[in-house]
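Participant: Give me the fold of what follows.
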Amino acid sequence: MRPHYLLDASIYIFRAYFALAPGWRAANGLPTHAVQGYAGFLCDFLRRAAPRHVLAAFDESLGSCFRNQIHPGYKCSRALPDAALEFQLRACRELTGLLGIASVASARFEADDLIASAACAARGQGGCAVVISRDKDLGQVLRGADDRLWDFPAAAPLDRATYRARHGIAPEQVPDLLALCGDPVDDVPGVPGIGVKTAVALLQRHPDVHALLGALDAIAASSLRGAARIARLLEAHGEQILMARRLTALAEDAFATQELPGSARQPAQRAALAHFADFHGLGERLRARLLAVADAAT
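Facilitator: Residues are numbered from 1 along each chain as shown. Purely as a prediction, here's the structure:
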């Protein structure tokens, strides 16, 4: 089955941005350490995976995502990128294209939604989705038997069975888990007093939060530790749980409102890559790696 590699680009850019010291500068004087780290990631990934079909998703929806209409506080604690970071984000997307990888972003949908929607398209074309991300919440994209979530390069790819074995829940229950526990990174409220361990135990007995809220009496009488208290908490926060579930579930229809780019990898633009590396001060070693990846693709 033909794999379609779907890159969660922003998560690798931000990892480099926070992990590396700003020791690299572009010709305009702005820092390029995130570009440096992201470029190294792309070189490693393209060399190892040699993908024929690959699409990168970028986040451009902070404050304008459809989830902000559901819950105005969604991601309210995050600040918009400053000029230096915005420059690096644009540069990383440019670099992605120069290496022959199509990219997509949206003001309405987050990168995760774009990935989930592209995964649906890949399966509709008889392929499978291989999601490249460090975000375990993207496990909910694992729908088909051949789909994978790959925390590249830290771990082996996970399929549905290995994801469940590692996290204790089925991939499709990820939104339910987050609706119960909350997600402070995204300012999604959770139920006070219900942590991950309790939420997993509940979801091992019930398929989703709708079933949970319909079985409060059974939960109160169950063998769970603190069962009666848990049932009362679920009842008291029922509306919040259902609202949060709308926030944590990924949209799969993003490309009903915008065109889905082709994922077939295109030839790299060697001369433009060399200029890019020079302008962004990436150094001779990384410049050579980029050009080697370009030559290998050609």
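Participant: What segments of the stretch 51-200 of the chain are helices?
Facilitator: With helices called from DSSP state H, counting those that start in this stretch, the stretch 51-200 of the chain shows them at 67-70, 83-98, 111-124, 160-167, 174-181, 196-203.
Participant: Out of these, the one nearest Ser222 is which?
Facilitator: Between Ser222 and the helices of the stretch 51-200 of the chain, the shortest gap by CB to CB is with helix 196-203, which sits at 9.2 Å. All C-beta atoms are positioned from the backbone trio N, CA, C, and that covers glycine.
Participant: Tell me which helix or strand the closest residue to Asp135 other than its chain neighbours sits in.
Facilitator: Using CB to CB, 6 or more residues apart in numbering and skipping the chain neighbours, the partner closest in space to Asp135 is Ile11 (5.8 Å). Applying DSSP states H and E as the criterion places Ile11 in helix 9-19.
Participant: For that helix, the averaged confidence score.
Facilitator: Average pLDDT, helix 9-19: 95.
Participant: just to revisit the earlier point, what about the residue nearest to Asp135, distance to Ile115?
Facilitator: The span separating Ile11 from Ile115 equals 11 Å under the rule CB to CB, to the nearest Å.
Participant: what is in contact with the two at once?
Facilitator: Ser133 (CB atoms under 8 Å, 6 or more residues apart in numbering).
Participant: quick one: which of the two has more around it?
Facilitator: For Ile11 versus Ile115, neighbours defined as other CB atoms under 10 Å are more numerous around Ile115 (29 against 18).
Participant: on that earlier part again, my guess is the residue nearest to Asp135 meets Lys136, correct?
Facilitator: No. With contact defined as CB atoms under 8 Å, Ile11 and Lys136 do not form a contacting pair (11.2 Å).
Participant: which stretch among the helices of the stretch 51-200 of the chain comes nearest Phe18?
Facilitator: Across the helices of the stretch 51-200 of the chain, the minimum distance to Phe18, taken as CB to CB, is reached by helix 83-98, at 10.6 Å.
Participant: could I get that closest one in PDB with only the CA atoms?
Facilitator: In PDB, the C-alpha atoms belonging to helix 83-98 read as follows (Å, rounded to 0.1, in the frame of the first residue of the first chain):
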ATOM      1  CA  ALA A  83       9.000  39.200  13.800                       C
ATOM      2  CA  ALA A  84      12.100  37.100  14.200                       C
ATOM      3  CA  LEU A  85      10.100  33.900  14.700                       C
ATOM      4  CA  GLU A  86       7.700  34.800  11.900                       C
ATOM      5  CA  PHE A  87      10.700  35.200   9.600                       C
ATOM      6  CA  GLN A  88      12.000  31.700  10.500                       C
ATOM      7  CA  LEU A  89       8.500  30.100  10.000                       C
ATOM      8  CA  ARG A  90       8.300  31.600   6.500                       C
ATOM      9  CA  ALA A  91      11.800  30.400   5.700                       C
ATOM     10  CA  CYS A  92      11.100  26.900   6.900                       C
ATOM     11  CA  ARG A  93       8.100  26.700   4.600                       C
ATOM     12  CA  GLU A  94      10.100  28.100   1.700                       C
ATOM     13  CA  LEU A  95      12.800  25.400   2.400                       C
ATOM     14  CA  THR A  96      10.200  22.700   2.400                       C
ATOM     15  CA  GLY A  97       9.100  23.700  -1.100                       C
ATOM     16  CA  LEU A  98      12.700  23.900  -2.400                       C
END
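Participant: what is the mean pLDDT for that helix?
Facilitator: Computed over helix 83-98, the average pLDDT equals 97.
Participant: how far does it sit from the chain's center?
Facilitator: For helix 83-98, the separation from the chain centroid amounts to 18 Å (computed by CA atoms, centre = their mean, to the nearest Å).
Participant: could I get the helices of the stretch 51-200 of the chain as JSON lines with distance to Ala294?
Facilitator: As requested, the helices of the stretch 51-200 of the chain are exported to JSON lines (distance: least, CB to CB, whole Å):
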{"stretch": "helix 67-70", "distance to Ala294": "38"}
{"stretch": "helix 83-98", "distance to Ala294": "8"}
{"stretch": "helix 111-124", "distance to Ala294": "24"}
{"stretch": "helix 160-167", "distance to Ala294": "34"}
{"stretch": "helix 174-181", "distance to Ala294": "37"}
{"stretch": "helix 196-203", "distance to Ala294": "43"}
